[in-house]
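[1] Quick check, what structure comes out for this input:
(2 chains)
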Amino acid sequence: GAVVSQHPSWVICKSGTSVKIECRSLDFQATTMFWYRQFPKQSLMLMATSNEGSKATYEQGVEKDKFLINHASLTLSTLTVTSAHPEDSSFYICSANPPAGRVAKNIQYFGAGTRLSVL
Amino acid sequence: EDKVVQSPLSLVVHEGDTVTLNCSYEVTNFRSLLWYKQEKKAPTFLFMLTSSGIEKKSGRLSSILDKKELFSILNITATQTGDSAIYLCAVEAAGDKLIFGTGTRLQVFP
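    Have a look, this model is predicted:
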C-alpha cells in the first residue's frame, strides 16, 4: 500500500478564525491530491482536486475563497478553512494516488481525516 | 449527473451470516469501481474492479462488477464483529475523480 498522513486529526476553533489542515504523502510523490468532506452518516463529497504547482480545481458549489488549497510540493497539500463558522464543522479527508507501478493505478489512499469543530 | 447508489443503507446481522452489499452507478467516462471499508477514520481500500464478470476475492470478501447492468456487489461470508463498518462504493470518472455512494453501514453482532 501507500501512506497518506493528515494533520491535525481533530481541531476545535472559534467562529471567525482560520484553520489549516495538512495532507502528506509519506512514501510517494503525488502530483494530485483530493480533498473530501463528510457529514455524519453521509458519504464523502469531493470538494476539490489539488494540483501540484497549479491552481486547485473546485467542485460545483464549493467556495474557493472559503476553502483555500495549496499544493506546495509533491508530498504536501494544505486546506485552509478561512473565517470558519459552525456550519463548516465536519470531517475533512484527503487522498492521493500513488504513481502507476507503485500500486495499481488510480487507487486513492486516504489520510485519517480531520474532525473540525467550530464553536 | 453522475451518481452512485448503494443499498441497503444499513444492515444488522449476527456473526456467521453472509451479507451482500449492492452498488449501482450512472457515470460518464467510467474507468473503474472501487470498494472501501471505513471504520472510524480513513477509508481503507478493498477492491478495484475494471472488467465485468471477474470476481475479486480477499479472504471472506469478494466482489464482482457488471458493466452492462451498471452495478457491483460486495459479498462478505461468515461475518465477524470486526467486519462492522461503513462500506463505500466509489466510481472513478474522468480526471481521476472518485464519486462515492452513500455507503452501507454494516453492524455485526455476536
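
[2] quick one: the helix or strand bottoming out on mean pLDDT in chain B near chain A?
    One helix or strand of chain B scores below all others by mean pLDDT, DSSP states H and E: strand B:98-100, with a mean of 91. Yes - contact of strand B:98-100 with chain A (CB under 8 Å from any CB of the partner chain) involves B:Leu98, B:Ile99, B:Phe100. The way it works is simple: take the backbone N, C-alpha and C, and place the C-beta from them, glycine included.

[3] Any idea how many residues pack against the last one?
    A count of nearby residues for B:Phe100, using other CB atoms under 10 Å in any protein chain shown, gives 21.

[4] Could you report the distance from it to A:Pro40?
    As judged by CB to CB, to the nearest Å, B:Phe100 and A:Pro40 stand 15 Å apart.

[5] I figured B:Val27 was touching B:Ile99, is that so?
    Yes - B:Val27 lies in contact with B:Ile99 (CB atoms under 8 Å); the separation is 6.1 Å.

[6] more crowded one of those two?
    Between B:Val27 and B:Ile99, B:Ile99 has the larger neighbour count (other CB under 10 Å), namely 21 against 18.

[7] for that one, which residues make a bridge with it?
    Per DSSP bridges, residues listed as beta-bridge partners of B:Ile99: B:Val91.

[8] Let me see the contact set for A:Ser18.
    Going by CB atoms under 8 Å, 6 or more residues apart in numbering or on different chains, A:Ser18 touches A:Thr80, A:Val81, A:Thr82, A:Ser83, A:Ala84.

[9] Please tell me how far the second one sits from A:Thr75.
    In this case it means A:Val81. A:Val81 is 22 Å from A:Thr75, by CB to CB.

[10] Show me which of these two is the more surrounded one.
    Neighbour count, other CB under 10 Å: between A:Val81 and A:Thr75, A:Val81 has more, with 23 against 19.

[11] hang on, the earlier thing: and for B:Val27 and B:Ile99, which residues touch both?
    Common neighbours of B:Val27 and B:Ile99 (CB under 8 Å, 6+ apart) are B:Asp2, B:Lys3, B:Val4, B:Val91, B:Ala93.

[12] for B:Asp17, phi and psi?
    Recorded main-chain torsions at B:Asp17 are phi -70, psi 160, according to degrees, to the nearest 10.

[13] Please report the distance of the residue lying closest to A:Lys66 once chain neighbours are set aside from A:Lys64.
    Spatial nearest neighbour of A:Lys66, excluding adjacent residues (CB to CB, 6 or more residues apart in numbering or on different chains): A:Thr82 at 5.8 Å. When distance is defined by CB to CB, A:Thr82 is 10 Å away from A:Lys64.

[14] and if you look at B:Leu106?
    Taken as CB to CB, the span from B:Leu106 to A:Lys64 is 36 Å.
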